Structure formats: C-alpha cells, structure tokens
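Undergrad: Any chance you could fold what I've pasted below:
(chains A, B, C and D)
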Protein chains: 2
Amino acid sequence: MSQPASTKENLLQAARNLFWTRGYSNVSVRDITTAVGVDAALVSRYFGGKRGLFEATLAQIDRWSALDSDADDLLTNAVNSFAQPYDPKKDRANAFSMLIVNINDPEVGDDIRTLVQQGLADPLAHKLDGSLRQERAAMLLAVLFGAALMRKNFQLQGMADKSPDDIAIQIRHLAQAALRFDG
Amino acid sequence: MSQPASTKENLLQAARNLFWTRGYSNVSVRDITTAVGVDAALVSRYFGGKRGLFEATLAQIDRWSALDSDADDLLTNAVNSFAQPYDPKKDRANAFSMLIVNINDPEVGDDIRTLVQQGLADPLAHKLDGSLRQERAAMLLAVLFGAALMRKNFQLQGMADKSPDDIAIQIRHLAQAALRFDG
DNA sequence: TGCGCGAGTCAACAATTGTTGACAAATTTT
DNA sequence: AAAATTTGTCAACAATTGTTGACTCGCGCA
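TA: Okay, the predicted model is just below:
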C-alpha cells in the first residue's frame, strides 16, 4: 500500500530523472517544477534551493550495488552494471550516467569527483587483492566508464548498437585485461 | 615574422582555450571577449554569434594526428596522444578533452558526436585489419577516452597522479587488449 | 465560529545571457 | 583633402535564471 506521493517526493524524483540525463546546469528549476505541476518556489522552500535539491538526489547514491560482491564475481557484477539497458528504477546503471553527465559541471563537478573517489574507487581498490590495487581499480573504472561514455554519450557504432549481451562480452574482455595488469 | 594577431584570431584562440576546458554552455560570450579585451558585440559581428564561434573552433579539428600512421604503430601513436601532458599548443590531446567536456551539451553535443564518429571512429576502423573492425575501433576509443576521463575529468588516484610514462604503460596494456578482441 | 498551520501560488527581484542597432574613431581608398 | 570602409564601443533589448516575500486556500482543532 503506497502512500500518495508527496510533492516533495515528486520533486525529488523529477529532479533525479532530469539531472541524471541532462546534467545539473542544463536543467532549470522550472523544468523540474513544471514536470511535477507545481510552482518553482517550492524548490527553495523544500530543499533550500536548486543546489540543495541536487545534493538530495546525490544522497540517494550512497551505496553501489556493483560492490556487493566478493572479489571473485566482482567482475561479473561490474560488467552487468554497464551492460544492462537504461532503467530509471535501478540506480546502478543510472548512477554512472549521472556521473559522466555532471562531472564537468563547474557547480557540482567536485561533488561528483569525491563521490566517485571515496565511494567507488577506494572501496573497489580495497576489494582487489595482489599488487597495484589502486592502479588496477582505476583501470577497471576507466574501462567501464569509457564503455558507458562511448555507448550512451558518444553513441558510437560498434557499441551503441549492440545488445546488452554482446556489449557484455566486449566489456568483460577489457575488464579482465584491466584486472590482470601487473606493471 | 608573425603578423600582429588580429582581433578575430585572438577571439578564436581565446574561445578555443575556454570552450575546450570549461565546455560550451559554461563559457559566456563576455568571458571570451573580456579575455581578449574587446566588446562582446564583436562575436556576433565576426562569427555570427556564439554558436558560429564554436563551430569555427571545431573546424580547426579536421585532422587527427593519431591517425597519421599505418596499422603497425597506430597503437603507439594512440597511446602517446593520451599520455602526453596537457598542452594548449598541440591540438591532439587537447581535442579529446574538448570532446568529453562538450559531449553532453544540449547545444553542441550532436556536432561532437558526428565529428567523432565520422572523423575518428570510422577512419580508425578502416585502418584496422582482420574482423570486427568497427567493434575493435570502438573498444580502443573506449579505452582511450575512458583513461582520459578518469585521469583528467574524474582525477582518480592511480591515474591522475601518474607520470606520462607510467600512464602510457597502463593505457598500452588496455589498448592492446582492445585490438586483440576477436569475439 | 474562530484560530492556526501547512501547502501552494503569485508577482516580482536582480543577475546573467546572447544579440542588435546606432554611433565614433581610425584607416584606407579615391 | 574627401569619401568610404574597416574596427570597435556603447547602450539597450528580451529572455532566462534562481530566489524571495506576501498572499491565498484548505484543513484540523479549540
């Protein structure tokens, strides 16, 4: 039995959808409020402003399901998280899109940087075993983000036009190489 | 004997520096003109507007030096193009940064997409031999762009804090894996 | 009935943006 | 020297942006 969604929750969801696809600076407060059907003033009322609303959406990404695994099937999970088609319900693949779209924003870029470093890269490196853990973690993320960048943002032929299964094979090939790096 | 740079050339250079580092929407016409020391109206006068000025900078990237090689040392050139430190004089490493920074811009994103597809990915695939050329070209670009993204934009530890030589070793490892892909 | 309160609207603000037309100065052309 | 063309400035514009304060409406409660 779900409660009738409050306006505040509606704003949060609309903000997530818009920020995560268009990027912070490319979404106006009025874009969000008209999507919900309320006045623009409510954003400042409820969240203290546009920036506060964005950070409220950021706070929802405190856990990365790609890290919910031991070192063995970490590769499988990492590959799957990018191979899956876009699904606004699952925060996993969605979150990566948001990061790329917002990383170069002068207003929120720093937030994204620390979120990825501390919330994703550091835990990932800690999960690996062997030497050069930080380097291999960074290389794995380079592969995953690079594939997402080519597939979703640049929409390159040879990546954007592949089925999730096909793309998973390509990414797995690269991810394995990243984890195998030993100098 | 270089001519004294004309104001139009100065605008073009200032626009390149700013657009390529901050992104199109994050740079105002007045940012560019005050950097040169002239009035903002000159952009519309000389280039037909902000958009025209941006496309004038895009027109300067019609050739990719990473493609100036046969299939053999293509990998070496590709790796070098990303390992080199940021240098506003050389358009090579610079151009990739520009592409990432502007790819998500609603105004110029499509320009970047077609430029990369037709000017970079297609010629690259044509240069490869063997099967799955389009896929391997896309994978190589995923590695190169992903490394640039982690290093310059996300500034991940394990990539951003490496010397050009060290980063070249990592990228070469991944790039070789990309070119070796056979399904 | 009257009081208070949460929810939301409305009008307006200051700032920033890209662009334009009229004008002034300087330089070249005739 | 006079005319014309280039080169640039200046003021102003309309649109968009985030934010604020005053206000209205509806509902529970005394």
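Undergrad: ok, and the closest non-adjacent residue to A:Leu12?
TA: Excluding the flanking residues, the one nearest A:Leu12 by C-beta to C-beta, 6 or more residues apart in numbering or on different chains is A:Ala56, at 6.0 Å. For the C-beta atoms, the positions are set from N, CA and C on the backbone; glycine is no exception.
Undergrad: What of A:Thr33?
TA: Leaving aside its sequence neighbours, A:Thr33 sits nearest to A:Ala40 (C-beta to C-beta, 6+ apart; 4.6 Å).
Undergrad: pLDDT value on the residue nearest to A:Gly109 when sequence neighbours are not counted, please?
TA: Among residues not flanking A:Gly109 along the chain, A:Ile103 sits closest, at 5.7 Å (C-beta to C-beta, 6+ apart). Here, the pLDDT recorded for A:Ile103 equals 96.
Undergrad: follow-up on the earlier one: specify the local secondary structure of the residue nearest to A:Leu12.
TA: helix (DSSP: H, G, I helix; E, B strand; the rest coil).
Undergrad: Repeat that for A:Gln155.
TA: coil.
Undergrad: give me the number of residues near it?
TA: Other residues within reach of A:Gln155, judged by other C-beta atoms under 10 Å in any protein chain shown, total 16.
Undergrad: Below-threshold pLDDT in chain A: ranges please.
TA: A:1-4, A:62-73, A:81-94 (pLDDT under 70).
Undergrad: Provide a list of residues in contact with the closest residue to chain B within it.
TA: Using C-beta to the nearest C-beta, the single residue of chain A nearest to chain B is A:Gly146, 2.0 Å away. Residues counted as contacts of A:Gly146 (C-beta atoms under 8 Å, 6 or more residues apart in numbering or on different chains) are B:Leu141, B:Ala142, B:Val143, B:Leu144, B:Phe145, B:Gly146, B:Ala147, B:Leu149.
Undergrad: out of those, who's nearest DNA strand D?
TA: Checking the contacts of A:Gly146 against DNA strand D by C-beta to the nearest atom of the strand gives B:Leu149 as the nearest, at 25.5 Å.
Undergrad: For that closest one, grab phi and psi.
TA: The phi/psi pair for B:Leu149 (degrees, to the nearest 10) reads phi -60, psi -50.
Undergrad: That one against A:Ile100, yeah?
TA: Yes - between B:Leu149 and A:Ile100 there is a contact at 7.4 Å, judged by C-beta atoms under 8 Å.
Undergrad: quick one: contacts for A:Leu141?
TA: Neighbours of A:Leu141 in contact, by C-beta under 8 Å, 6+ apart: A:Val116, A:Leu120, A:Ala121, A:Leu124, B:Gly146, B:Met150, B:Phe154, B:Leu156.
Undergrad: Tell me which entries of those lie within strands.
TA: Judged by DSSP state E, strands contain none of these.
Undergrad: Let me have the residues you listed in JSON lines, extended by distance to DNA strand C.
TA: Converted to JSON lines, the contacts of A:Leu141 look like this (distance: C-beta to the nearest atom of the strand, whole Å):
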{"residue": "A:Val116", "distance to DNA strand C": "27"}
{"residue": "A:Leu120", "distance to DNA strand C": "32"}
{"residue": "A:Ala121", "distance to DNA strand C": "32"}
{"residue": "A:Leu124", "distance to DNA strand C": "37"}
{"residue": "B:Gly146", "distance to DNA strand C": "30"}
{"residue": "B:Met150", "distance to DNA strand C": "29"}
{"residue": "B:Phe154", "distance to DNA strand C": "25"}
{"residue": "B:Leu156", "distance to DNA strand C": "30"}
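Undergrad: Show me how to select, in PyMOL, the buried members of these.
TA: The PyMOL selection below is limited to those of the contacts of A:Leu141 classed as buried (16 or more other C-beta atoms under 10 Å in any protein chain shown):
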select buried, (chain A and resi 116+120+121+124) or (chain B and resi 146+150+154+156)
